[in-house]
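1. For reference, the sequence and a predicted model appear below.
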Amino acid sequence: MKVTPFVPSDYQEATAGAVSMGNPQVVAEMFATKGPAFTARQGACVIACAGVMLFWPGVGEAWSVLSPCAAEHPMIHRHVKRGLAGIIESHGLWRVQATVLDGFAKGERWITRLGFQFESAMPAFGPKGETYNRYAIVRKHR
């Protein structure tokens with residue numbers, strides 16, 4: 001598996017045919033310009049893209065997109081966890097938050113395996129009024 005810096009075309013490749021929460025080009029460009037991000041590939045297949053959008057010093061929003069290829073690569077969890085830890089350390093983040101669609105059991109299990117803790121439900125947060133759940137990793141502020 002090869003890990004490279006994220007570029008917008010990686011997002012578009014990983015999400016081909018999937019429903020997006022916004023204009024895929026705009027979302028991909030936002031992910032590429034708002035903070036550190038990486039892409040994991042196996043051969044020609046994008047397995048996952050992940051990163052953290054930086055809000056202000058110390059705080060960011062984690063995001064990830066797994067392609068259909070991800071199911072064939074269980075080691076992707078380790079790569080994403082290491083990448084996230086590296087971003088947190090190198091940017092001195094004391095809070096990284098993320099959202100997961102309420103009831104999306106795989107997403108909820110994965111976010112907790114990455115070290116996030118449930119904080120709250122966010123009713124009517126989604127683009128169609130769906131409830132999302134907020135998770136966060138909070139470290140002691142230096």
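-> Nice, thanks for sending it over.
2. Helix or strand: which one has Tyr135?
-> Here Tyr135, judged by DSSP states H and E, is contained in strand 132-138.
3. Show me what the longest helix seen in the chain is packed against.
-> Scanning the chain for the helix with the most residues, using DSSP state H, yields helix 76-90. Other helices and strands packing on helix 76-90, by 3 or more Cβ pairs under 8 Å, 6 or more residues apart in numbering; DSSP states H and E, are strand 37-42, strand 45-56, strand 59-66, strand 95-101, helix 105-113. Bear in mind the C-beta positions are built from the backbone N, C-alpha and C, glycine included.
4. how close does Tyr132 get to Trp94?
-> For Tyr132, the distance to Trp94 equals 23 Å [Cβ to Cβ, to the nearest Å].
5. what's the answer for Met30, then?
-> Counting by Cβ to Cβ, the gap from Met30 to Trp94 is 23 Å.
6. now do Val26
-> Counting by Cβ to Cβ, the gap from Val26 to Trp94 is 29 Å.
7. what do you get for Arg113?
-> Distance from Arg113 to Trp94, by Cβ to Cβ: 21 Å.
8. Those two - which one has more neighbours?
-> More neighbours surround Trp94 than the other of Arg113 and Trp94, with 15 against 11 (other Cβ atoms under 10 Å).
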